[in-house]
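1. kindly generate the corresponding structure for this input.
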Amino acid sequence: MDRALAELNEAQRKAVLHRDGPLLVVAGAGAGKTRTIAYRIFRLIESGIAPHKILAVTFTNKAAREMLERVIKLSVPVPVWPRQGGPMISTFHTLGASILRDNAKALGLNRHFTIADQDDSLGLIKIAVKESGLNSERFEPRQFLRLISREKGRGVTLKSYLETAAEDGPASFWPRLVRPVWEKYEQALRRRAAFDFDDLLLWPFGLLETRPKILADYRDRWHYLLIDEYQDTNFIQYQLARLLAGPRQNICAVGDLDQAIYSWRGADCRHLRRFADDYPGAMIITLEENYRSTKAILAAANQIISKNLNRLAKTVFTNRPDGEKIDLAATADERQEAEAVARRAAALLEAGERPEEVAVLYRANFQSRVMEEAMLKAGVPYRVLGTRFFERQEIKDVLAYLKAALNPADFESLKRALAAPTRGLGKAALAKILAGQAESLPAKQKRAFHHFQKLLTELAELTQRQPISKVLAHLIRASGLGETLAAGGGDDRERLENIQELVTLALKYEGLPPEEGVATLLAEAALVSEQDSLDLHRQPAVNLMTVHAAKGLEFNRVFIIGLEQALFPHERFGAATDPDYDPEEERRLFYVALTRARDKLYLSYAETRTIYGSTRLNQPSEFLLDLDPALFTETIYAG
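-> Alright, predicted model coming up:
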């Protein structure tokens, strides 16, 4: 441990050595917070705390995986999985799913409930909107899903919402529309024995809040709690942390108000501000030394964020060199901006920079289209963050078999599996099957369905005694899916390679009991985030992504495009009437963008930009005017 401590700075060491009682670590950008958390877990284990008594929670599987890998690299003989006696290092949603599975019997649930991903939820909402007699063109289904998600994140159940939504008044218009949609959506989830993402937090919260014995069991299971990105917690996550911390109050919260950028999805940065009030006597430690960026980049970041009032005062510094000045380019329009960035990226790659160490960040998703066109034209390899492995059609087909085998109520997965590959069972046959009238099918279709049922029974039995990788390999062979894809063309061959990759991926669950392995795979597949699916070192390609998606990542060279007033900072529709709107959040978002860069920043804006078919004249972002001109090279007109 002494050798490990020598690798930390003074503030990090204080955070690592603090053992009992509440601890708040205010960690500036690039200040080594993941390392600090990992070393803290290491220190707790070295001091005699059993690994399984430690719970660490973060927001992405990628972050959780990196944290565990760092603990293992410290040469601590720690089992990888909690069921083997290791620490529980997970996301909030994975934790919630685990709590629900553990208590499925008490809640009257199928332990292998389905987790509805975003596409599943949106599909059910669209049906609910239609069944409620609403026009989906006038009332956007995604808006209903966002509203329901926001309410669940605040701890509001359907029952409590129905009570408040019944009230009359000018503010009751949307609640009266949402009420029937939410009811039908919830009914559809329950019929399918499914939970959406928000249920994975709302239901465990209700369980722990109302079942003292179950709460006591979890408090006894985990004596030390670490919460990463505390500023991004919503009401439910905040309350879950408080419940689990309990009277011991051995909670370590790590966060940074300057990087709070998720109020639009219910995050409340006030949770971090009031940590000391929630946990009197808490030790507060600030990590200010940045190990990532040059002095020039940090000077720009500090100038930007210092203008915010709602923050915990700190000045991030670095011992790295001054570094190159920031490039600022003005272009005539968005096409010229994209072409200028693509040319510069091509020159960087030609000079030896690795593609995966270059990123182009933008405020809104629509900006990626013109950027992709420019990269293609310039011959620059690129990837757009957001294309997810588990969202591929063939991967969903394979997983549908597992879901249907383990959760007979999941008719959507049953329908999907029946059609992959096709078995000569059309819509009419499918309708009879779902209506429980399979015996009335013609003989050939009946045989096909009985063969399918037999396969599902085999799979359900295999998941009880075989590792999930072997179950998947059997599934691909026995279903005929592998044979069908192997006989197809180039696209089908690629799909076959993808499902074979799924089998390889499943090997990482070999250390778990078979039933636990399949449950963990299905949960991670449903809960995968954009970052979780990004392997920066697997394929050499320049990264295109929104600033929100870039949170937690870092690159040698970063382009930030579209720095125009009303785009970045963004002019949010309805912000004036949104009670959760935070006028300082856009500045924090730009701070996050700046601090993704290690060595060099390139900023740009377009004097005109076409958005939704209309071309508008732009003023440079106010953020550019807040930066000292001495930080820039001469402004380049790339038009």
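2. use CA for all of it now, contacts and neighbours both
-> Fine.
3. which residues of the stretch 351-500 of the chain score low on pLDDT?
-> 386-388 (pLDDT under 70).
4. actually the stretch 501-639 of the chain, sorry about that
-> 529-538, 572-580, 612, 634-639.
5. so where do the helices sit in it?
-> Ranges of helices within the stretch 501-639 of the chain are 514-527, 547-550, 585-594, 622-625, based on DSSP state H, counting those that start in this stretch.
6. buried ones in the last one?
-> Meaning helix 622-625. Using 16 or more other Cα atoms under 10 Å as the test for burial, helix 622-625 gives F623, L624.
7. CA atoms only for it - export them in CSV, please.
-> This file holds the C-alpha atoms of helix 622-625, laid out as CSV (Å, rounded to 0.1, in the frame of the first residue of the first chain):
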residue,chain,number,x,y,z
GLU,A,622,-20.5,34.0,-26.4
PHE,A,623,-18.1,31.4,-25.1
LEU,A,624,-15.5,32.4,-27.7
LEU,A,625,-15.8,36.0,-26.5
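8. gap between it and the chain center?
-> With Cα atoms, centre = their mean, to the nearest Å as the basis, helix 622-625 stands 30 Å off its chain's centre.
9. contacts for that helix next, please.
-> Identification of contacts with helix 622-625 by Cα atoms under 8 Å, 6 or more residues apart in numbering yields I304, L563, E564, Q565, P569, R587.
10. tell me who's in contact with N556.
-> N556 neighbours (Cα under 8 Å, 6+ apart): E357, V358, A597, R598, D599, K600.
11. which residue sits closest to it, ignoring its sequence neighbours?
-> Spatial nearest neighbour of N556, chain neighbours left out: R598 (4.7 Å); criterion: Cα to Cα, 6 or more residues apart in numbering.
12. ok, that neighbour - contacts?
-> Per Cα under 8 Å, 6+ apart, neighbours of R598: R292, S293, T294, I297, E554, F555, N556, R557.
13. by neighbour count, which of these wins?
-> Within those, S293 tops the neighbour count with 28 neighbours, counted by other Cα atoms under 10 Å.
14. can you classify that one by secondary structure?
-> coil (DSSP: H, G, I helix; E, B strand; the rest coil).
15. how near is it to N556?
-> Look at S293 and N556: by Cα to Cα, to the nearest Å, they are 9 Å apart.
16. any common contacting residues for the two?
-> Residues touching both S293 and N556 (Cα under 8 Å, 6+ apart): A597, R598, D599.
17. with distance to T457 as added columns, please give the residues you listed in a markdown table.
-> Shown next, in a markdown table, are the shared contacts of S293 and N556 (distance: Cα to Cα, whole Å):
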| residue | distance to T457 |
| --- | --- |
| A597 | 52 |
| R598 | 53 |
| D599 | 56 |
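18. one step back: quick one: buried ones out of the contacts of helix 622-625?
-> Using 16+ other Cα under 10 Å, the buried ones in the contacts of helix 622-625 are I304, L563, E564, Q565, P569, R587.
19. wait, the fifth one sits on R587?
-> Which is P569. Yes - between P569 and R587 there is a contact at 7.2 Å, judged by Cα atoms under 8 Å.
20. now do the end-to-end distance for stretch 17-37.
-> Using Cα to Cα, one end of stretch 17-37 lies 11 Å from the other.
21. with respect to M375, which of the contacts of helix 622-625 is nearest?
-> Closest to M375 out of the contacts of helix 622-625 is L563 (19.6 Å), distances taken as Cα to Cα.
22. thought that closest one was touching S621?
-> Yes - counting by Cα under 8 Å, L563 does reach S621; the two are 5.1 Å apart.
23. mutual contacts of these two, please.
-> P569.
24. now the angle from the top strand by length along the chain to helix 585-594?
-> As assigned by DSSP state E, the longest strand anywhere in the chain is strand 597-606. Angle, strand 597-606 to helix 585-594, by axes from the mean of the first three to the mean of the last three Cα atoms, to 10 degrees: 130 degrees.
25. partners of strand 597-606, with directions?
-> Next to strand 597-606 in the sheet, as set by DSSP bridges, lie strand 327-331 (parallel), strand 555-560 (parallel).
26. quick one: neighbours of L244, just the number.
-> Neighbours of L244 under the rule other Cα under 10 Å: 25.
27. just V558 next, same as before
-> Per other Cα under 10 Å, the neighbour tally for V558 reads 25.
28. which ones are touching it?
-> V558 touches V358, A359, V360, L361, R596, A597, K600, L601, Y602, counting by Cα under 8 Å, 6+ apart.
29. over to I561: give its phi and psi.
-> When read as degrees, to the nearest 10, the backbone of I561 gives phi -110, psi 170.
30. roughly how far does T315 sit from E391?
-> Noted for T315: a distance of 41 Å to E391, by Cα to Cα.
31. re the thing from before, kindly reformat the contacts of R598 as a markdown table containing distance to D626.
-> Conversion of these to a markdown table gives the following (distance: Cα to Cα, whole Å):
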| residue | distance to D626 |
| --- | --- |
| R292 | 23 |
| S293 | 20 |
| T294 | 19 |
| I297 | 14 |
| E554 | 24 |
| F555 | 24 |
| N556 | 24 |
| R557 | 22 |
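32. closest to I285 among the residues you listed?
-> Relative to I285, the closest of the contacts of R598 is R292; by Cα to Cα it sits at 19.8 Å.
33. so the closest one makes contact with G30?
-> Yes - contact criterion Cα under 8 Å: R292 and G30 qualify, at 5.2 Å.
34. chain center to stretch 62-69, what's the gap?
-> Distance, centroid of stretch 62-69 to centroid of chain: 14 Å (Cα atoms, centre = their mean).
35. mind listing what's buried along it?
-> K62, A63, A64, M67, L68.
36. in strands, which of the residues you listed fall?
-> Those of those lying in strands (DSSP E): none at all.
37. name the nearest of those relative to R142.
-> K62 (26.7 Å).
38. give the contact list for the closest residue to E524 other than its chain neighbours.
-> Using Cα to Cα, 6+ apart and skipping the chain neighbours, the partner closest in space to E524 is T94 (7.4 Å). By Cα under 8 Å, 6+ apart, the contact set of T94 is L200, A523, E524, L527.
39. dump these into CSV; add neighbour count as well.
-> Shown next, in CSV, are the contacts of T94 (neighbours: other Cα atoms under 10 Å):
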residue, neighbour count
L200, 20
A523, 21
E524, 19
L527, 22
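40. among these, give me the pair with the biggest separation.
-> L200 and E524 (12.7 Å).
41. low-confidence ranges in the stretch 101-250 of the chain?
-> 165-172.
42. ok, which stretches of it are strands?
-> Along the stretch 101-250 of the chain, counting by DSSP state E, counting those that start in this stretch, strands occupy 114-115, 194-195, 224-227.
43. can you put those in CSV and add mean neighbour count?
-> Shown next, in CSV, are the strands of the stretch 101-250 of the chain (neighbours: other Cα under 10 Å):
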stretch, mean neighbour count
strand 114-115, 24
strand 194-195, 21
strand 224-227, 25
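44. which residues does the spatially closest residue to R101 that is not a sequence neighbour contact?
-> The spatially closest residue to R101, leaving aside those adjacent along the chain, is R111, at 5.1 Å (Cα to Cα, 6+ apart). Residues in contact with R111 (Cα under 8 Å, 6+ apart) are L100, R101, D102, A104, K105.
45. quick check: of the buried ones among the contacts of helix 622-625, which lies closest to Y230?
-> Relative to Y230, and with distances defined as Cα to Cα, the nearest of the buried ones among the contacts of helix 622-625 is R587, at 19.0 Å.
46. roughly how far does the residue lying farthest from the centre of the chain sit from L425?
-> Of all residues in the chain, A443 has its C-alpha farthest from the mean position, at 47.0 Å, by Cα atoms, centre = their mean. Applying Cα to Cα, the value for A443 to L425 is 12 Å.
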